[in-house]
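Enquirer: pasting the structure only:
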C-alpha cells in the first residue's frame with residue numbers, strides 16, 4: 001500500500017463503504033478531517049448550520065445509503081451532535097462520527113487548551129460520545145488500519161454508529177502499513193442451522209401466524225429479501241408506524257397497520273389472536289407504535305429474528321445474521337393457503353375549496369399528493385400519527401424517528417435523505433414546533449440543491465405536547481409566531497415555490513405548484529389549535545397508561 005496519512009486513510013476507507021458525502025461543521029481541531037474530505041475525490045463536504053443538524057442529516061443519509069459520515073470538532077462540536085448520534089443508535093442507523101481532537105503532544109504536556117475545562121484533561125468527553133456508538137477507537141498511526149477494520153465490522157454487525165477519535169498530529173502522520181482484509185460479519189453455520197430448524201418447527205405447529213417485518217430491514221436494505229421470505233411462508237404481514245411501507249402496501253399479503261387499540265378490527269384480531277407472531281428484524285413495540293400501550297400482544301407467541309440472534313421461546317441462537325435467516329425462510333414451502341387481502345378504497349377527499357383546512361381533509365390530500373418513488377419524512381408526533389394509518393402508493397419510502405423521537409429530527413434528516421437519493425423527490429411533513437428547532441438547515445438545502453417539498457403545519461404551538469397534557473393551554477406550549485412561508489427567501493432559497501394556505505382550495509393549488517416545481521417548495525398550512533389526528537386524540541385519553549398515576 002502506498003504511503004498515506006492517517007486521516008486520508010480513514011476518509012478513503014469510509015468512501016470505500018459507499019459514502020459519498022460528509023456532513024459536519026468545521027472546527028480547528030477537525031481541520032485535518034475537513035482537509036482530507038476536500039482532497040478526496042469520492043466524498044463531498046456538506047457543511048451544516050450546526051452539529052445537531054449535521055447529525056440528523058447524517059442519520060437520514062444513512063437510512064437511505066446504509067452508512068454516513070459525520071465530522072465534528074472536539075468537545076463543543078461532538079457534544080452538540082451527541083443527541084442526533086444517539087438517535088441513530090436507538091434506531092439502528094449507521095453513522096461514522098469522526099472527531100478531530102487536540103494533538104497527542106499537547107495532551108501529553110497537559111496544556112490548557114480551548115474547548116476544555118482548563119485542567120489538562122483531554123479524555124473527559126470520550127466516554128460521553130462513545131455512549132452514543134456501538135464501538136469506538138482512538139486512532140494513531142500504528143493502530144489505524146487494524147482499528148478501522150474492527151470499527152467498520154462492529155458497526156456493520158450492529159448497524160449502529162461508530163465513534164472515531166483522531167488527534168491532530170496523528171491525523172497528519174504516515175499510517176503504519178499492515179496486510180489486513182476487510183471483515184464481513186457472517187453467521188455461524190451450526191448456530192444458523194439450529195435456528196432455522198427451531199423456527200421451522202414452530203411454523204409447522206402453528207395453526208395461525210402473522211409476520212411483522214421490522215424497521216431494521218430498511219436500514220439494512222433487505223426489503224427484497226424479507227418480501228421473498230414472507231411470500232414463501234404465505235402468511236399475512238402487518239407493520240407498525242416505524243415500518244411504514246417497508247414492503248409495498250398493495251402487496252396481497254399486507255393485512256394492515258398494527259397500532260394497538262386503533263388497529264382495524266379484522267387486523268387487530270388477526271395479530272392478537274395469532275398462535276405465532278414472526279418478528280423479522282426486531283420490531284419495536286414502544287408506547288408510540290402501540291398507541292400508548294393499548295395493544296394486547298402475548299410475548300410468548302413471538303418468534304424473534306434479530307440482527308445477530310434468533311429467539312424461539314426460551315432458546316436463543318447467537319451469531320446468526322438476519323440476512324441468512326431470511327434466505328433460509330425463503331426456501332420454505334408453506335402448507336397453508338396464502339393470505340390474500342381485500343384492497344381498501346382510498347380515503348375520499350372531503351371539503352369545499354373555500355373551507356378552512358382540517359386534519360380530516362388534510363391527510364387524505366397528503367396521500368393523494370404522494371407519488372410512487374417519493375421519499376416521505378414524517379416528524380414524530382402529529383405528522384407521523386396522522387399519516388401512518390393511511391395506505392400509500394407503491395415504491396414510497398417513509399422515514400420516521402418514532403422510538404428516539406427527537407424534536408426537530410425530520411427537518412435535518414430531510415436534508416440528508418434528499419442528498420442520499422436525488423432520483424427521488426423528498427417530501428417533509430412536519431409541525432411548526434419541531435420545525436423551529438432546525439429550520440435554519442433550509443439554507444443548506446438550497447445551497448446544495450436538495451430541492452425538497454416541505455409542508456409545515458402552523459397551528460399555534462406544540463400540537464403533540466398539547467395532546468399529551470391534561471391542560472393543553474399552559475403557556476410553555478406556545479411558540480414564537482414565525483412567518484414560515486417567508487423563511488426560504490430569508491435563507492437564500494429565492495427560487496423556491498412558497499405559499500401560505502388557509503383554505504382547501506389554496507392548499508390544492510399550492511400542492512400542484514410544488515409538484516411541478518424543479519426547485520424546492522415550501523408550504524405553510526394554517527390549522528386549528530386543537531384539531532388533532534385520530535391517533536393523537538386517542539393518546540390524549542391514555543395519559544395514565546403512558547406516564548403512570550398522578551400522585
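Expert: Thanks, I have it. All figures in this text were calculated on a predicted structure; none of them were measured in a lab.

Enquirer: can you give me the strands for the stretch 101-250 of the chain?
Expert: 135-138, 162-167, 209-213, 237-239 (DSSP state E, counting those that start in this stretch).

Enquirer: most distant residue from the middle of the chain?
Expert: residue 109 (41.8 Å; Cα atoms, centre = their mean).

Enquirer: Any figure for the gap between that residue and residue 124?
Expert: 17 Å (Cβ to Cβ, to the nearest Å). Every C-beta, even on glycine, is put in place using the N, C-alpha and C of the backbone.

Enquirer: one step back: make JSON lines from the strands of the stretch 101-250 of the chain and add mean pLDDT and distance to residue 255 to it.
Expert: Formatted as JSON lines, those follow (pLDDT from 0 to 100; distance: least, Cβ to Cβ, whole Å):
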{"stretch": "strand 135-138", "mean pLDDT": "98", "distance to residue 255": "38"}
{"stretch": "strand 162-167", "mean pLDDT": "98", "distance to residue 255": "37"}
{"stretch": "strand 209-213", "mean pLDDT": "97", "distance to residue 255": "7"}
{"stretch": "strand 237-239", "mean pLDDT": "97", "distance to residue 255": "5"}
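
Enquirer: wait, which of those is closest to residue 378?
Expert: Checking these against residue 378 by Cβ to Cβ gives strand 237-239 as the closest, at 14.0 Å.

Enquirer: before we move on, back to that, now distance to residue 534 and mean neighbour count too, for the strands of the stretch 101-250 of the chain, in a markdown table please.
Expert: Output for those, formatted as a markdown table (distance: least, Cβ to Cβ, whole Å; neighbours: other Cβ atoms under 10 Å):
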| stretch | distance to residue 534 | mean neighbour count |
| --- | --- | --- |
| strand 135-138 | 42 | 20 |
| strand 162-167 | 40 | 26 |
| strand 209-213 | 22 | 25 |
| strand 237-239 | 18 | 26 |
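
Enquirer: of all those, which lies closest to residue 440?
Expert: Across the strands of the stretch 101-250 of the chain, residue 440 has its closest neighbour in strand 162-167 (25.6 Å, Cβ to Cβ).

Enquirer: Are there helices or strands packed against the closest one, and which ones?
Expert: helix 6-15, strand 95-101, helix 126-130, strand 135-138, helix 144-158 (3 or more Cβ pairs under 8 Å, 6 or more residues apart in numbering; DSSP states H and E).

Enquirer: Can you list the low-confidence ranges for the stretch 301-450 of the chain?
Expert: Within the stretch 301-450 of the chain, the stretches with pLDDT under 70 are 335-336.

Enquirer: just the strands in it please.
Expert: So, for the stretch 301-450 of the chain - with DSSP E, counting those that start in this stretch - the strands run 302-305, 309-312, 315-318, 375-378, 397-400, 426-431.

Enquirer: what about stretch 231-244, how long is it end to end?
Expert: End-to-end distance for stretch 231-244, by Cα to Cα, to the nearest Å: 18 Å.

Enquirer: buried residues in it?
Expert: For stretch 231-244, burial by neighbour count (16 or more other Cβ atoms under 10 Å) applies to 231-244.

Enquirer: Could you export those to TSV, including columns for distance to residue 202?
Expert: Formatted as TSV, the buried residues of stretch 231-244 follow (distance: Cβ to Cβ, whole Å):
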residue	distance to residue 202
231	19
232	16
233	12
234	16
235	12
236	17
237	17
238	19
239	21
240	22
241	27
242	24
243	22
244	27
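
Enquirer: Out of these, which sit inside helices?
Expert: Cross-referencing these against helices under DSSP state H gives 231, 232, 233.

Enquirer: just checking, which of the helices and strands packed on strand 162-167 sits deepest inside the structure?
Expert: Ranked by mean neighbour count under mean count of other Cβ atoms under 10 Å, those are led by strand 95-101, which reaches a mean of 28.

Enquirer: Right, I'll leave it there.
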